[in-house]
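> need coordinates for the following:
(chains A and B)
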Amino acid sequence: MRTPSVKRLLSPQLVALLGVLLFNWIVFPGFFDVAWRDGRLFGSLIDVINRGAPVAILSIGMTAIIATRGVDLSVGAVMAVAGAVAATCAVTGQPVIIMLLAPLAVGMLCGLWNGFLVSILSIQPFVATLVLMVAGRGVAQLITEGSIVTFNDPVLIFIGTGSFLGLPMPAVIAIALMVGAHLLVRRTAIGLFIEAIGVNRSAANFTALRSRSLVLAIYAFGGVCAAIAGTIAAGDIRGADANNTGLWLELDAILAVVIGGTSLMGGRFSIPLSVVGALIIQAMNTGILVSGFPPEFNLIVKAGLIIIILVLQSAKLAPALHRIFKQRPVKPSIQTSEKTG
Amino acid sequence: MPTDFRPADPGSVGNRPPETSGADANVVLVAKGIVKTFGNHTALNNVDLALHAGEVHALLGENGAGKSTLIKIITGAYTPDHGEISVDGVQVQFTTPQQAQSAGIGTVYQEVNLLPNMTVIDNLFIGRQPRRYGLVDRKKMAREAHRILSQYGLDIDVHAELSTFSVAVQQIIAIARAVELSGKVLILDEPTASLDRTEVEKLFEIVRRLKARGLAIVFITHFLDQVFELSDRITVLRNGRLVGSETIGDLDRTSLVRMMLGKDLAFVHAEMAADDTEPSSPLMHFRDFGRSGSVNPFDLTIHRGEVIGVAGLLGSGRTEMARLMFGIDTADQGALDIDGQKICLRAPQDAVSQGFGFCPEDRKVDGIFGDLSVRENIIIAMQAKLGWLQALNRDEQMEIAEHFIEALDIRTASDDLPVKLLSGGNQQKVILARWLATDPRFLILDEPTRGIDVGAHAEIVRMISRLREDGLALIVISSELDEIVSYSSRVVVMRDRSLVAELRGAEINPSSIVRAIAAQDAEAAE
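Next comes the predicted model:
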């Protein structure tokens, strides 16, 4: 569960993030420059954290979902729904508390719907969440009545573009959510239960784990994360765009989780490493922008890096790499591996 | 276009005349001086094995003795570090299972490795379908499938999905496929683990027929009776070394067990003299408890400090009864009283909160969390009982895990090891520890000794008796009558989804249990 800190620092994800940042620095020497202006920090590095925040937030919920051997394809669409709700509240002059809570409530409802399909009706997560992935954008369009709803609400704009203690607000929210979620799963038994369900759902049932309600709650949490990301995205552009808010971000979120080392087959997971995964993705995006490469390169470079990371993590190659680089000895555990005789 | 489909002549299976003498001239496969190491652990150390045509060769050893490794080397799944293998006198070097297969070595694993959602035909012919005008010739496949399976006394609908058949039939289909594909050496890895007695008989008959056809058959099992019933030759491994290779006539049971364990098993038999003392106070009472389509209503009172053995053939409703008692399936009739209070079992949570524990029959599917550590596997039921808010911290977890690792003698390098790396017997102990950690008053053990080695088997049998002495109530389901007799203070017998008999005291002996299981034709069964 808790790995020694030295080992964690050597995790391939952090090495990869460092590598991408260094590459960015080589192609754009001003990459690490950080300036203090108007009471907040500015610079490419800060940009990475700021722009990466929505996917990072999505990946927090997605980590827990994937760890139960599920997936949530609807988070991008739920972002759009939440953004639309927030914008509509702002435009119709609702009190601040409602404007902030309504999107979260709607996001949770969306998550509960997914959870209901997956956990109670036992529909495959891929198909179950596809429903809302498609329908969600329709719902968002209905809320915005087909147009882009723009607003001038200072609170929403602060959430999207403001700063706190010198850091951009989205980054602050993402960090707080990451720390909170990590503590929640690791200081309680929830993390262990999630991993147990992901590893063997049937055994979890025989062990009297309340798998159903836990899976339901996890999808609801995923919906809330998507709603937070959606509110941030809306505040950032001062409007709700039902068609484009969060478009394809579910794929980035899944990618972030996979880069973070959580298997799509469920089981062991780490929320902080998923967030690092999200930052890797954003660092590449930013790097290509600041280096002056045409943005078309972005997707190809991304694919290349993904391949490298996945190869580094692959079960087949990892022992070979260990042998070549003699980093750490391969775990001595294998000696007792004589399975069923 | 050309297919490697084998023409259908039963006599052509194997390229040697069916002799059963076991003379050296009949040797089909020789493995010599095999060494295999994993890391700094030597799994096999200078092991020899010679397989003869027309012989059943039992490969024995406790879990971890090196049987699996040896089989994997013979079938090309592993390559040996040293040593050589020759087939028909020609030295070979398998780097893939396919090479071993085409050299004539076929394997049927413990868990049938066919495709459950495809038809019997597809399973028999996949990868080598007969073709006609470049298209798959389905008619010919169906004809061939019928012909092949009829050799095994199987007359089934070959167009049906494999999963619609019992494990026994699936096993026979797996054997048929392996023989058709390979036809020189047939390796059966614990083929009887999930079969009932009649099915085992059927399987043995098929094995004997294949033997008469000149196949060399490797038979891996944990059931010593079956070894003596079926085998011509026995090879015993222990700790990766060859202990001995003997023909069956030169061995008796005791010396075989001594070879396997390096010790005597007398203590198991000492335990057989179970005391008949009446159990103390009644703990719970299942009244007319049942579920339609699963188990007919039964009546059972369970006392503190007693072991109730449940006997019955596979499919007799034994496991279904256990599932009902643990709330995995919910009863639709009857009631449960515990200490005079009416208790409703709607889910396993209800059972656990009453102090129940359940070690399921299928360890791998329903029991262990393979990727989680031994420690997490031990504490998880207790943690589930405590709820998610009261998390055990790492030190508490380690304390509990280490206590049980020591108390149950669980052999693991560390409590951090993924439990899937442990042997079957140790995994079973981990699941037992998981429930003991919840401080239960009632434990249900479904086939607790299935598929585990002789040593661990004896330990678990002893553990059952010890738990009873500690005042636990236990229900133990087992197919091994000797075992049931040794620890039960009462035996209930299931037949056709009903509880049909309850045996006490002097009635508890294998022959009366068999009579109760078989009802009318008790004589035939004995």
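
> distance check, whatever residue of the stretch 151-300 of chain A ends up closest to chain B against B:F326.
Closest approach between the stretch 151-300 of chain A and chain B, counting by C-beta to the nearest C-beta: A:A208, at 3.9 Å. Placement of C-beta: from N, CA and C, glycine included. Look at A:A208 and B:F326: by C-beta to C-beta, to the nearest Å, they are 9 Å apart.

> please apply the same query to B:D366.
Plainly put, B:D366 is 11 Å away from B:F326 if you go by C-beta to C-beta.

> next, give phi and psi for A:R268.
Main-chain dihedrals, A:R268, degrees, to the nearest 10: phi -50, psi 140.

> so where does the residue lying closest to it once chain neighbours are set aside fall, helix or strand?
Among residues not flanking A:R268 along the chain, A:E195 sits closest, at 5.9 Å (C-beta to C-beta, 6 or more residues apart in numbering or on different chains). In this assignment (DSSP states H and E), A:E195 forms part of helix A:190-199.

> got the CA coordinates for that helix in CSV?
Taking C-alpha atoms only, helix A:190-199 is exported to CSV below (Å, rounded to 0.1, in the frame of the first residue of the first chain):
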residue,chain,number,x,y,z
ILE,A,190,-11.9,2.1,1.2
GLY,A,191,-8.7,1.8,-0.8
LEU,A,192,-8.3,-1.8,0.2
PHE,A,193,-11.9,-2.6,-0.6
ILE,A,194,-11.7,-1.0,-4.0
GLU,A,195,-8.6,-3.1,-4.8
ALA,A,196,-10.2,-6.2,-3.5
ILE,A,197,-13.3,-5.7,-5.7
GLY,A,198,-11.1,-4.9,-8.7
VAL,A,199,-9.0,-8.0,-8.2
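
> quick one: average confidence on it?
Averaged over helix A:190-199, pLDDT sits at 96.

> where does pLDDT dip in the stretch 401-526 of chain B?
Applying pLDDT under 70 to the stretch 401-526 of chain B picks out residues B:518-526.

> ok, now with 90
Within the stretch 401-526 of chain B, the segments meeting pLDDT under 90 span B:407-414, B:420-425, B:447, B:449-462, B:465, B:469-471, B:478-486, B:494-498, B:500-501, B:504-526.

> pretty sure B:D189 contacts B:T107?
Yes - contact status for B:D189 versus B:T107: in contact at 6.8 Å, counting by C-beta atoms under 8 Å.

> so what sits against both of these two?
Common neighbours of B:D189 and B:T107 (criterion: C-beta atoms under 8 Å, 6 or more residues apart in numbering or on different chains): B:I71.

> any idea which residue is closest to the centre of chain A?
Per C-alpha atoms, centre = their mean, the C-alpha nearest to the average position across chain A is that of A:S59, at 1.4 Å.

> residue contacts, the closest residue to chain A within the stretch 201-350 of chain B?
Per C-beta to the nearest C-beta, B:P348 is where the stretch 201-350 of chain B lies closest to chain A, at 3.9 Å. B:P348 sits next to A:205-208, B:326-328, B:358 when contact means C-beta under 8 Å, 6+ apart.

> mind listing the helices for the stretch 351-500 of chain B?
B:374-386, B:394-407, B:424-436, B:454-469, B:481-487 (DSSP state H, counting those that start in this stretch).

> quick one: closest of these to B:G312.
Comparison of the helices of the stretch 351-500 of chain B against B:G312 by C-beta to C-beta identifies helix B:481-487 as nearest, at 10.4 Å.

> my guess is B:V374 meets B:L408, correct?
No - with contact defined as C-beta under 8 Å, B:V374 does not count as touching B:L408 (11.3 Å).

> could you check which of these two is surrounded by more residues?
A side-by-side neighbour count of B:V374 and B:L408, using other C-beta atoms under 10 Å in any protein chain shown, places B:V374 first with 28 against 20.

> who's in contact with that one?
B:401, B:405, B:410, B:412, B:414-419, B:422, B:430.

> again, only this time at 7 Å
B:401, B:412, B:415, B:417, B:419, B:422, B:430 (C-beta atoms under 7 Å, 6 or more residues apart in numbering or on different chains).

> settle it for me: which of B:D366 and B:F326 has more neighbours?
Taking other C-beta under 10 Å, B:D366 and B:F326 do not tie; B:F326 has more neighbours (24 against 21).

> so what pLDDT did the more buried one get?
Per-residue pLDDT puts B:F326 at 94.

> ok, A:Q313 next?
Listed pLDDT for A:Q313 reads 68.

> name the helices or strands packed onto the host helix or strand of the residue nearest to the centre of chain A?
Per DSSP H and E: A:S59 is located in helix A:44-67. Packed against helix A:44-67, as judged by 3 or more C-beta pairs under 7 Å, 6 or more residues apart in numbering or on different chains; DSSP states H and E, are the following elements: strand A:167-168, helix A:169-187, helix A:190-199, helix A:211-237, helix A:249-259, helix A:271-291.

> centre of the chain to it, how far?
Here the centre of mass of C-alpha atoms in helix A:44-67, compared against the chain's by C-alpha atoms, centre = their mean, to the nearest Å, lies 4 Å away.

> that one: what's the following helix or strand?
The helix or strand immediately downstream of helix A:44-67 is helix A:75-91, counting by DSSP H and E.

> residues near the residue nearest to B:G309 when sequence neighbours are not counted, how many?
Sequence neighbours aside, B:S488 is the residue nearest to B:G309 in space, at 3.3 Å (criterion: C-beta to C-beta, 6+ apart). By other C-beta under 10 Å, the residues close to B:S488 number 26.

> swap in A:G166?
Counted with other C-beta under 10 Å, residues neighbouring A:G166 total 13.

> kindly report the same for B:G33.
Count around B:G33 with other C-beta under 10 Å applied: 13.

> so where does the closest residue in space to it that isn't next to it in sequence fall, helix or strand?
Leaving aside its sequence neighbours, B:G33 sits nearest to B:G83 (C-beta to C-beta, 6+ apart; 4.0 Å). Secondary-structure assignment from DSSP H and E places B:G83 in strand B:82-87.

> list the buried residues in that strand.
Neighbour-count burial for strand B:82-87 flags B:83, B:85-87 (criterion: 16 or more other C-beta atoms under 10 Å in any protein chain shown).

> hmm, back to that, B:D189 and B:T107: which is more packed in?
A side-by-side neighbour count of B:D189 and B:T107, using other C-beta under 10 Å, places B:T107 first with 24 against 21.

> pretty sure the more buried one belongs to a helix, no?
No - counting by DSSP: H, G, I helix; E, B strand; the rest coil, B:T107 is not part of a helix but strand.

> which pLDDT value belongs to it?
Taking B:T107 on its own, its pLDDT is 87.

> list the contacts for it?
Contacts of B:T107 by C-beta under 7 Å, 6+ apart are B:75, B:178, B:187, B:189.

> for B:I148, state which of the residues you listed is nearest.
The nearest member of the contacts of B:T107 to B:I148, counting by C-beta to C-beta, is B:A178 at 11.6 Å.

> counting neighbours, what do you get for that closest one?
Here the count is done by other C-beta under 10 Å, and B:A178 has 21 residues near it.

> give me the spatial nearest neighbour of it, chain neighbours excluded.
Using C-beta to C-beta, 6+ apart, the nearest residue to B:A178 is B:G106, at 3.2 Å.

> verify the stated contact: that neighbour with B:K184.
No - if you go by C-beta atoms under 7 Å, B:G106 and B:K184 don't touch, sitting 8.1 Å apart.
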